[in-house]
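Q: predicted coordinates and the sequence they were generated for:
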Amino acid sequence: EFLSPIPLVETAASFDLWHGAESICASATKQLQRQQQNANPTTNTGEQEPLSITAVKTLIDASFDARLYRQADTIATKFYNVGGKSRYIKARFQHAQSTIDKVIRKRQLGVIERQAERVDRAVEKVKKNEGISYDEEEDEEFSPDKFDAGEEIRSFALRKTEEAGELDFARRLAEIWKMKDYTYDEERIEAAIAARRKRYLQWSEALPAGNSDVPALISTPNALFKVFELLINNHPSTAVEDEEEGNPSGNVGSSSSTDHQSKRRVYGFDAEWAEDHRGAALLQIASTATVVLVDVPALSMTHEGADALRQTVGRLFSCPNSVLVGFHCNQDVQKLRSSPCAKERHWFASGAPSVVDVKTIVSHREPKLRTLGLSRVCEFYLGKPLDKAEQCSMWLARPLSMDQLVYASLDAWVCAAIYEKMSLK
């Protein structure tokens, strides 16, 4: 008999004890290596993935959920031989995205080419199949056979550099990367933008006609009360039925509801944050008709703002007549709860009984989707994927760009739309 490392890693990560979680994985994988060295060569050990390997993958995925891209890269590199190819590529790629977005804003442009080189080295390592042993559950979005990380990171870097107005440096990067056909051509750029709009779900396709203005960031108490009144009063009031007892509900809080047929209003939610900041930088809440973007730091750090958050956001998240739908949202809830607050009584309640993780429900209903992210799940249910280009951007920057506002709005809206679509089936 022995203690599984998986719940230990999950618990450590939930309390931000990352070094402890990493130490557990290191000890578990060393134990696995000793077992493999002592195993009978004729013994079939491939029937089930060892718990130590699952623990490593759990830690890497927890780092992704926490938006700790540098940490995810470090852990995926350290445990490369057991963490899997796709997690390794995803971690290196998203770390590069996050770094590139930061250095462009700080005008430290020389770092960009080094980030592309790091991605190239990761791709080359995977292609050589160096040291990989366990990789049964590939993340299809970052599968090395389907995702060209080198090309994607260069396209991302050039687009961000052009958007920042650093055209000379964009040309220099294109020369370094031997992109002989590159020119800053407005028609080419417009064509590329049009192609992305056609490929990915757009804001104008999500909201009802006549309500397609991208929402502004709400930073004052009066504005928060006003938009929340609109959010509640304009709700489509779609009735949903709780999952029958015995089926996964995905509930993140205390699942003590007994009225399994109760009618409740559905809202999607998501949160954004920065690696080096405690708490959420942005909260998005959406019905399928209205989206609200909440500037958490600006409101939470004043007494009036904290009171407004408690009377709006806090009340909604603890309301038994509402369903707050997130995607892989444990970390979002933790970030909201840990956001610095000007008042001793925090505006976000200690429990979250109304929160439902739609990823859990999707995994139960469509097992083939259980390793996919929100973008691909969105494509399955709504017909188009989400554009995740802004995922690693600077969410504490003010003002947020229009692309950030659209990305954030759609992330919350899609959660509500997917949940309601599943409820209609």
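A: Yes, it's here.

Q: remind me which residues of the chain are low pLDDT?
A: 1-2, 39-47, 130-140, 209-211, 238-262, 425 (pLDDT under 70).

Q: longest helix in it, by number of residues?
A: helix 402-424 (DSSP state H).

Q: could I get the buried residue list for it?
A: Buried residues in helix 402-424, defined by neighbour count with 16 or more other CB atoms under 10 Å: 404-420, 422-423. For the C-beta atoms, the positions are set from N, CA and C on the backbone; glycine is no exception.

Q: mind checking how far that helix is from the chain centre?
A: Chain-centre distance of helix 402-424: 13 Å, with CA atoms, centre = their mean, to the nearest Å.

Q: other SSEs contacting that helix?
A: helix 203-206, strand 265-272, strand 282-286, strand 291-294, strand 322-326, helix 358-365, helix 374-382 (3 or more CB pairs under 8 Å, 6 or more residues apart in numbering; DSSP states H and E).

Q: if you count neighbours, what's buried in the last one?
A: When neighbours are counted by 16+ other CB under 10 Å, the buried residues of helix 374-382 are found to be Leu374, Ser375, Val377, Cys378, Glu379, Tyr381, Leu382.

Q: the fifth one now?
A: By neighbour count, and taking 16+ other CB under 10 Å as the criterion, the buried residues in strand 322-326 are Ser322, Val323, Leu324, Val325, Gly326.

Q: excluding its backbone neighbours, what's nearest Glu166?
A: Residue nearest to Glu166 in three dimensions, not counting chain neighbours: Leu109, with 6.3 Å by CB to CB, 6 or more residues apart in numbering.

Q: so the one you found sits against Asp168, correct?
A: No: using CB atoms under 8 Å, Leu109 is not in contact with Asp168; the gap is 9.8 Å.

Q: show me which of these two is the more surrounded one.
A: Leu109 (19 against 11; other CB atoms under 10 Å).

Q: return the residues in contact with the more buried one.
A: Taking CB atoms under 8 Å, 6 or more residues apart in numbering as the criterion, Leu109 is in contact with Val103, Thr161, Glu166, Phe169.

Q: which residues does the last one contact?
A: When you say that, I think you mean Phe169. Residues Leu109, Thr161 are the ones in contact with Phe169 under the rule CB under 8 Å, 6+ apart.

Q: which residues touch Glu379?
A: Taking CB under 8 Å, 6+ apart, one finds Pro385 in contact with Glu379.

Q: and it, how close does it get to Gly326?
A: From Glu379 across to Gly326, the span is 19 Å (CB to CB, to the nearest Å).
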